[in-house]
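Trainee: model this:
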Amino acid sequence: MTVRVLPAGDRGALLEVADNAAAVRLARALRAGGGFVDVVPGHRTVLVTWEGEQPALDLEAAEDEPAFAGRLLEVP
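Mentor: All right, here's what the predicted structure looks like:
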């Protein structure tokens with residue numbers, strides 16, 4: 001997975017990925033890893049914030065995440 005890391009202040013980063021599925025996988029992996037105050041997925045980005053020292057960005061863990069684990073909704 002290719003990730004572009006952009007600074008977002010002194011305690012945050014905006015991670016840009018190729019598509020929405022990659023953003024969802026990355027957000028799930030970063031939440032599971034812990035260490036972040038906020039993990040906020042966007043359409044093709046994930047915003048992360050932290051306190052103190054920057055936690056490690058385990059970008060390889062996102063490769064193992066399933067694309068979507070949602071539920072099917074039928075709209076009448």
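
Trainee: Now the residue nearest the centre of the chain: closest residue in space that isn't a chain neighbour?
Mentor: With distances taken as CA atoms, centre = their mean, the residue of the chain nearest its centroid is Ala27 (2.5 Å). In space, Ala27 comes closest to Pro41 once its chain neighbours are excluded; the distance is 3.9 Å by CB to CB, 6 or more residues apart in numbering. Placement of C-beta: from N, CA and C, glycine included.

Trainee: Can you report phi and psi for the one you found?
Mentor: Dihedral pair for Pro41: phi -80, psi 140, per degrees, to the nearest 10.

Trainee: Quick check: bridge partners of it?
Mentor: Using DSSP bridges, the bridge partners assigned to Pro41 are Val46.

Trainee: Pull the number of nearby residues for it.
Mentor: Neighbourhood size, Pro41 [other CB atoms under 10 Å]: 20.

Trainee: and what of Arg31?
Mentor: Arg31 has 15 neighbours, counted by other CB under 10 Å.

Trainee: Next one: it relative to Val46, how far apart?
Mentor: Noted for Arg31: a distance of 10 Å to Val46, by CB to CB, to the nearest Å.

Trainee: Next, show the common contact partners of the two.
Mentor: Counting by CB atoms under 8 Å, 6 or more residues apart in numbering, the common neighbours of Arg31 and Val46 are Val39.

Trainee: got the contact list for the closest residue to Pro55 other than its chain neighbours?
Mentor: Nearest residue to Pro55 in three dimensions, chain neighbours excluded: Gly35, at 3.2 Å (CB to CB, 6+ apart). Applying CB under 8 Å, 6+ apart to Gly35 gives the contacts 50, 55-56.
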